[in-house]
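Participant: Based on what follows, work out the 3D shape:
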Amino acid sequence: MTLNVLALRRYTISAATKKHILESFQEFDEGSKGWLSKSDLKCAMLSLFGRKPTKDEVEQLMQPCDYQLDFGAFQTAMEEKLSLLEPGDRIRQIFKAFDKRCFGFIGREDLHAVFHDCLPHIKSSVIDEIFDEVDTDGDGRVSCREFELLMCGKI
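Facilitator: Now for the predicted structure:
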């Protein structure tokens, strides 16, 4: 009898990804208190992974630190999670978070909804400008390919 073991491949975390982890922590550390609350953590993880974390994921991270997750613990946990994702998977996960209605594209309404949830202070006109810039073919939709070009810095 042969035992099949699924080996998890870990990918190296780039300096840019480490910077993104720091920026995500700082962005959602409401009031610059030096730690994340449960709601702060949910938004920070959404920005990093393109999906909301499950209740279990949040509890596993928050419980050991009395529901005040400092940067060191956040960085360690996020680097661990991100090291298990292939680079293309990261972009697709983020795309799926923007594709609120699961249509396979991001509509203008989807982009407004995401900004409203995560960055409510951004003006509607700015969100429209972003959408128009990313919708390179002008069809009123942002395809996964257009989104990938944006995320890779080609737009």
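Participant: What pLDDT does the model give residue 8?
Facilitator: Note on residue 8: pLDDT of 50.
Participant: Now the phi/psi pair for residue 154, please.
Facilitator: phi -100, psi 0 (degrees, to the nearest 10).
Participant: right, I mislabeled it, should have said residue 47
Facilitator: Residue torsions, per degrees, to the nearest 10, at residue 47 are phi -70, psi -30.
Participant: and if you look at the one 4 residues further on?
Facilitator: Backbone torsions for residue 51, taken as degrees, to the nearest 10, come to phi -150, psi 150.
Participant: For the residue lying closest to it once chain neighbours are set aside, which residues are in contact?
Facilitator: With Cβ to Cβ, 6 or more residues apart in numbering as the criterion, residue 51 has its nearest non-adjacent residue at 5.3 Å, and that residue is residue 97. Every C-beta, even on glycine, is put in place using the N, C-alpha and C of the backbone. Residue 97 is in contact with 46, 49, 50, 51, 52, 114, counting by Cβ atoms under 8 Å, 6 or more residues apart in numbering.
Participant: could you flag which of those residues are buried?
Facilitator: 46, 49, 50, 114 (16 or more other Cβ atoms under 10 Å).
Participant: Would you mind giving those as CSV with secondary structure and pLDDT added?
Facilitator: Below are the buried ones among the contacts of residue 97 laid out as CSV (DSSP: H, G, I helix; E, B strand; the rest coil; pLDDT from 0 to 100):
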residue, secondary structure, pLDDT
46, helix, 85
49, helix, 80
50, coil, 72
114, helix, 88
